[in-house]
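Engineer: Everything below, folded, please.
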Amino acid sequence: MEKFFEKLDSSLKNNSIIKMTLSKPVSKNNELRNVYVKPILLKDNKMYQFTFRYERRDETKNFDAKQMMEQVKNLVPDVFQNVSLFTLTEDVTLLVSKKDKPTLMCKKINEKRDVDLSHDHEKQRLIDPTKPWWNLLGLTTRDGKVMADMQHKFKQICKYVEIVDGVMRQTKFDDEIHIADMGAGKGYLTFALYEYLITHYDKKIVMEGVEIRKDLVVKINDIIDRCKLQNFKFVENSIEDYKPEKLDVLIALHACDTATDDAILKGVRNNAKLIICAPCCHKQVRREMEKSGKFDSITKYGIFLERQAVMITDAVRALVLEYCGYKTQVMEFIEIDNTPKNVLLVGRKSEKNVDKEAVAKQIKELLDRYGIEEHYLWKNLWKNCRTY
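Structural biologist: Residues are numbered from 1 along each chain as shown. Modelled structure (predicted):
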């Protein structure tokens, strides 16, 4: 602990601080989640800007060097257990265990760095682009700058994290949260959520990315190993065949056609507390509608038939989740790759009793109205499972 404050004092005296982050609150009930510190130039005076991030608001205050040191000593280790200090010459990390044992890790930096003294009121990013995995994933340069052609995608990734965080905050979890990201692909969203949760949640995060393409799984696991990330891995498997040991949160974004249904089934059968899906296409229901020949004044037009198939598919998915004891919510979501507005379907496990007969009747009436003999999710809910 003394060594850390010696390094902090030295960096203050030689003006080498780039930024500092205080995280991992000692108390789970503390509304103050993080503190971000950066040097600024205010009316020609060197100051240190503190951004205090609370559960629902941010507060910014400026301190001189002496006050800055006092603030940090008041916060560490009594309020926060982790500190990351970035200077021109080294990265310093202080970790304090639950038994109040401090560990100091120092890494010398060979690359050239600059101190940014600009004073702005930009909202703190939810994701830190200076983390090494973003460079290895191809989103940033080696010095942590988001590449020009990745700026838009990075903003969308941050928006995704904000949405999922809002949903997760409404769900009660145990001390460990087991998350499976189905069809995780290149891993951008999986890494973003993992980074955010281990930084902002005072719980053990266990993350698995499920991806069927072996080359991607090998590549991502190599990045995870190189960055020494804990309780995080990619597994090579299909959504249908994936067998999690424990599942609290299931995420499936852009799982094509009935793969979304397989993901929902996986979540339901593993009693997931939270299911988050962004469906991508709805071919199965459209084929059923076309086969029946049961068109009305709307669905006789091709483009409206497509849109109605989307509505019916996702409405039945929401109703099936209700049938299985989930409180459902449908919201607007912005896709990562091409930015059209999409649907985010959220199911949160509820303790309330469900009138299954009434919900089943709604599903049957909806399918009968459009001549749909079977909906993949509704049909397969009972397959190899006697629960329902």
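
Engineer: secondary structure element for the residue nearest to Arg348 when sequence neighbours are not counted?
Structural biologist: Distances taken as Cβ to Cβ, 6 or more residues apart in numbering place Lys327 nearest to Arg348, at 4.9 Å, with adjacent residues excluded. Using the backbone N, CA and C atoms, a C-beta is placed for each residue, glycine as well. Per DSSP states H and E: Lys327 is located in strand 326-334.

Engineer: Need the residues that contact the helix or strand following that strand.
Structural biologist: Next along the chain after strand 326-334, taking DSSP H and E as the criterion, comes strand 341-349. Strand 341-349 has contacts (Cβ atoms under 8 Å, 6 or more residues apart in numbering) with 163, 167, 170-171, 264, 267, 271-279, 310, 314, 317-318, 321, 324-335.

Engineer: tilt between strand 341-349 and strand 326-334?
Structural biologist: 160 degrees (axes from the mean of the first three to the mean of the last three Cα atoms, to 10 degrees).

Engineer: Check the average confidence over strand 341-349, would you?
Structural biologist: The average pLDDT within strand 341-349 is 83.

Engineer: What is the distance between the strand holding Lys327 and the centre of its chain?
Structural biologist: 16 Å (Cα atoms, centre = their mean, to the nearest Å).

Engineer: what comes into contact with that strand?
Structural biologist: 156, 159, 163, 167, 268, 275, 278, 314, 318-319, 321-322, 341-350, 352.

Engineer: just stretch 231-238 next, same as before
Structural biologist: Here stretch 231-238 has contacts from 184, 187, 190, 194, 204-214, 216-217, 220-221, 224, 242, 262, using Cβ under 8 Å, 6+ apart.

Engineer: Restricted to helices, list these.
Structural biologist: 190, 194, 214, 216-217, 220-221, 224, 262 (DSSP state H).

Engineer: Please indicate which of those residues are buried?
Structural biologist: Buried members of the ones in helices among the contacts of stretch 231-238, scored by 16 or more other Cβ atoms under 10 Å, are 190, 194, 216-217, 220-221, 224, 262.

Engineer: between those, which is nearest Lys38?
Structural biologist: Relative to Lys38, the closest of these is Tyr194; by Cβ to Cβ it sits at 24.4 Å.

Engineer: Am I right that that closest one is in contact with Glu208?
Structural biologist: No. Between Tyr194 and Glu208 there is no contact under Cβ atoms under 8 Å: 10.1 Å.

Engineer: just the helices in the stretch 251-388 of the chain please.
Structural biologist: Counting by DSSP state H, counting those that start in this stretch, one finds helices in the stretch 251-388 of the chain at the ranges 259-269, 283-292, 302-323, 356-369, 376-380.

Engineer: any idea which of the ones you listed is most buried?
Structural biologist: Comparing those by mean neighbour count (mean count of other Cβ atoms under 10 Å), helix 259-269 ranks first with a mean of 25.

Engineer: and that helix, what does it pack onto?
Structural biologist: strand 176-182, strand 249-253, strand 274-278, helix 302-323, helix 376-380 (3 or more Cβ pairs under 8 Å, 6 or more residues apart in numbering; DSSP states H and E).

Engineer: Would you mind giving me the confidence score for the residue nearest to Thr171 when sequence neighbours are not counted?
Structural biologist: Closest residue to Thr171 apart from its sequence neighbours, by Cβ to Cβ, 6+ apart: Leu274 at 5.0 Å. pLDDT, Leu274: 97.

Engineer: Provide a list of residues in contact with Leu274.
Structural biologist: Leu274 touches 167-168, 171, 248-250, 346-349, counting by Cβ under 8 Å, 6+ apart.

Engineer: Domains of the chain: list them as residue ranges, please.
Structural biologist: Following automatic domain parsing, one gets these domains for the chain: 2-123, 151-380.

Engineer: Relative to Pro132, which of these is closest?
Structural biologist: Short answer: domain 151-380, nearest of the domains of the chain by Cβ to Cβ, at 5.4 Å.

Engineer: For the lowest-mean-pLDDT helix or strand in the chain, C-alpha coordinates in CSV please.
Structural biologist: For the chain, counting by mean pLDDT, DSSP states H and E, helix 283-292 ranks last in confidence among helices and strands (a mean of 72). Below are the C-alpha coordinates for helix 283-292, written out as CSV (Å, rounded to 0.1, in the frame of the first residue of the first chain):
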residue,chain,number,x,y,z
LYS,A,283,-38.3,-17.8,-42.5
GLN,A,284,-40.1,-20.8,-40.7
VAL,A,285,-43.3,-18.9,-40.0
ARG,A,286,-43.4,-17.2,-43.4
ARG,A,287,-43.2,-20.7,-45.1
GLU,A,288,-46.1,-21.9,-42.9
MET,A,289,-48.2,-18.8,-43.9
GLU,A,290,-47.4,-19.2,-47.6
LYS,A,291,-48.2,-23.0,-47.5
SER,A,292,-51.6,-22.4,-45.9
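
Engineer: what comes into contact with that helix?
Structural biologist: By Cβ under 8 Å, 6+ apart, helix 283-292 touches 257-258, 295, 299, 305-306, 308-309, 312-313, 316, 370-376.

Engineer: just the angle between that helix and helix 259-269, please?
Structural biologist: Going by the same axes, to 10 degrees, helix 283-292 is angled at 120 degrees with respect to helix 259-269.

Engineer: Tell me how far helix 283-292 lies from the chain's centre.
Structural biologist: That offset, for helix 283-292, works out to 34 Å (Cα atoms, centre = their mean).

Engineer: again with stretch 126-134
Structural biologist: For stretch 126-134, the distance to the chain centre is 13 Å (Cα atoms, centre = their mean).

Engineer: Just the buried positions in that stretch, please.
Structural biologist: Buried, per 16+ other Cβ under 10 Å, within stretch 126-134: 126-131, 133-134.

Engineer: What is the end-to-end distance of it?
Structural biologist: Stretch 126-134 has an end-to-end distance of 14 Å (Cα to Cα, to the nearest Å).
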